[in-house]
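In: can you look at this prediction? I've put the sequence above it.
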Amino acid sequence: MEPSEKPVVPLQCQMVNDIISLIGDKWSVLIVVLLGSGKKRFSEIKRSVDGISQKMLTVTLRGLERDGYVSRTVYPTIPPRVEYELTDLGRDLLVPIRALGEWALANHDRVIRNRKAYDTRMAQEAAE
């Protein structure tokens with residue numbers, strides 16, 4: 001490959017990245033897992049997801065709804081009641097999320113050891 005040529009990312013990788021970029025953010029996985037146990041109101045989700053702002057929760061829920069993972073139901077009460085729940089697609093998404101979670105738990109200690117070894121090596125190289 002010539003130095004001026006850019007490597008071409010296969011279309012399949014671009015498609016995967018397009019999907020993972022939303023669900024791989026800081027909040028989406030937490031919300032999908034939370035909704036895996038059933039319908040939740042906005043305030044329930046906000047209380048359950050530590051550290052999320054009201055604006056970020058709104059943005060995240062809209063993104064999940066736009067892609068079809070979450071449905072939003074507005075009940076005509078005063079004040080209006082809104083509930084969120086996973087769609088079939090959202091429930092399908094729980095399968096790989098749970099598998100990744102199991103992998104993360106099984107490998108957590110290994111990753112922490114690798115981080116420490118790397119940080120130690122970098123500190124030693126910086127001191128030389």
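Out: Done, it's in. Numbering: from 1, shown residues only.
In: next, the buried residues of the helix or strand hosting V95.
Out: Element membership for V95 (DSSP states H and E) is helix 88-127. Under the neighbour-count criterion of 16 or more other Cβ atoms under 10 Å, helix 88-127 has G90, L93, L94, I97 buried. All C-beta spots, glycine's among them, are computed from the backbone N, C-alpha and C.
In: kindly report the same for stretch 39-50.
Out: K40, F42, I45, K46, V49.
In: so the worst-scoring helix or strand of the chain on mean pLDDT versus helix 88-127, what angle?
Out: Within the chain, no helix or strand scores below helix 11-23, which has a mean of 81 by mean pLDDT, DSSP states H and E. Counting by axes from the mean of the first three to the mean of the last three Cα atoms, to 10 degrees, helix 11-23 lies at 90 degrees to helix 88-127.
In: now for the following helix or strand past helix 11-23, which elements pack on it?
Out: The helix or strand immediately downstream of helix 11-23 is helix 28-35, counting by DSSP H and E. Judged by 3 or more Cβ pairs under 8 Å, 6 or more residues apart in numbering; DSSP states H and E, helix 28-35 is in contact with helix 11-23, helix 42-48, helix 54-66, strand 70-75, strand 81-86, helix 88-127.
In: now helix 28-35 - C-alpha only, PDB.
Out: Output of helix 28-35 as PDB, limited to C-alpha atoms (Å, rounded to 0.1, in the frame of the first residue of the first chain):
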ATOM      1  CA  SER A  28     -27.200   2.800  26.900                       C
ATOM      2  CA  VAL A  29     -26.100  -0.600  28.200                       C
ATOM      3  CA  LEU A  30     -27.000   0.200  31.700                       C
ATOM      4  CA  ILE A  31     -30.500   1.400  30.600                       C
ATOM      5  CA  VAL A  32     -31.000  -1.700  28.400                       C
ATOM      6  CA  VAL A  33     -30.100  -4.000  31.200                       C
ATOM      7  CA  LEU A  34     -32.300  -2.100  33.600                       C
ATOM      8  CA  LEU A  35     -35.300  -2.300  31.200                       C
END
